[in-house]
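*Asks:* coords please:
(chains A and B)
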Amino acid sequence: AQSVTQLGSHVSVSEGALVLLRCNYSSSVPPYLFWYVQYPNQGLQLLLKYTTGATLVKGINGFEAEFKKSETSFHLTKPSAHMSDAAEYFCAVTHNAGGTSYGKLTFGQGTILTVHP
Amino acid sequence: GAGVSQSPRYKVAKRGQDVALRCDPISGHVSLFWYQQALGQGPEFLTYFQNEAQLDKSGLPSDRFFAERPEGSVSTLKIQRTQQEDSAVYLCASSIGPYSGNTIYFGEGSWLTVV
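*Replies:* Down below sits the predicted model:
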């Protein structure tokens, strides 16, 4: 079984400050990890994903995340917050198990990011 | 279409009423998922289709929930005898194929309120 824990249901930062959203996962097999963003009344949009290869992955809108196997973490960062970053962010995990795998995602509870002037 | 399309966007149902939620995935996408997102929670998996075959329905909460994708494109999620606990956003998503690393694209959701 897989699970995702997002530490902090609400994070508040000042515009221009560092954004750090925490995600820890549990998986008995090598994970594939994703960050999605959800704006009010909209669906989920993929920010970035880690499958294999380089552990530091860059996504859209200046976000990046680093897969750390030893810490079972996949924290999302952005050097400088912008007002338009205010949204809810979801970390998700799946895995590749050959023919029986198809990408079913297990999501965390979400973190609401507030950016104030 | 360019993205995953869902209808209706908003539905208010009286308790006990049946509802049907439609999903139009991205053209050519083999994989289709339904998720349920309760207020303040992350999405939770309901069911998965690969073309017209429903390969996983382990997340359907009760036998009142039924999904189909008869021609391998449009899908319908049906909820019979709705209950208040069914109030949630129902998200449909699709991807080009069953590889786990493929990007899964989500629709904007169908917001169901049961009164």
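*Asks:* Nearest residue to the middle of the chain?
*Replies:* With no chain named, the answer covers chain A. residue A:35 (3.0 Å; Cα atoms, centre = their mean).
*Asks:* let's do chain B instead
*Replies:* In chain B, the C-alpha nearest the mean C-alpha coordinate belongs to residue B:34, at 3.3 Å (Cα atoms, centre = their mean).
*Asks:* in terms of contact, does residue B:79 touch residue B:18 like I think?
*Replies:* Yes - Residue B:79 is in contact with residue B:18 according to Cβ atoms under 8 Å; the separation is 6.9 Å. (C-beta placed from N, C-alpha, C; glycine too.)
*Asks:* Those two: which is more packed in?
*Replies:* Applying other Cβ atoms under 10 Å in any protein chain shown to residue B:79 and residue B:18 shows that residue B:79 carries more neighbours, namely 24 against 11.
*Asks:* contacting residues around that one?
*Replies:* Applying Cβ atoms under 8 Å, 6 or more residues apart in numbering or on different chains, we find residue B:79 in contact with B:18-21, B:64-66, B:86, B:112.
*Asks:* and with 7 Å instead?
*Replies:* Residues near residue B:79 by Cβ atoms under 7 Å, 6 or more residues apart in numbering or on different chains: B:18-19, B:64-65, B:86.
*Asks:* between those, which has the most around it?
*Replies:* When neighbours are counted by other Cβ under 10 Å, residue B:86 leads the contacts of residue B:79 with 21 neighbours.
*Asks:* Tell me where the chain is predicted with low confidence.
*Replies:* You didn't pick a chain, so chain A it is. A:97-101 (pLDDT under 70).
*Asks:* let's do chain B instead
*Replies:* In chain B (pLDDT under 70), the answer is B:1.
*Asks:* hey, where'd the strands end up in it?
*Replies:* Secondary structure of chain B (DSSP state E): strands at B:5-7, B:10-13, B:19-24, B:31-37, B:44-50, B:53-56, B:65-68, B:75-79, B:88-95, B:105-106, B:110-114.
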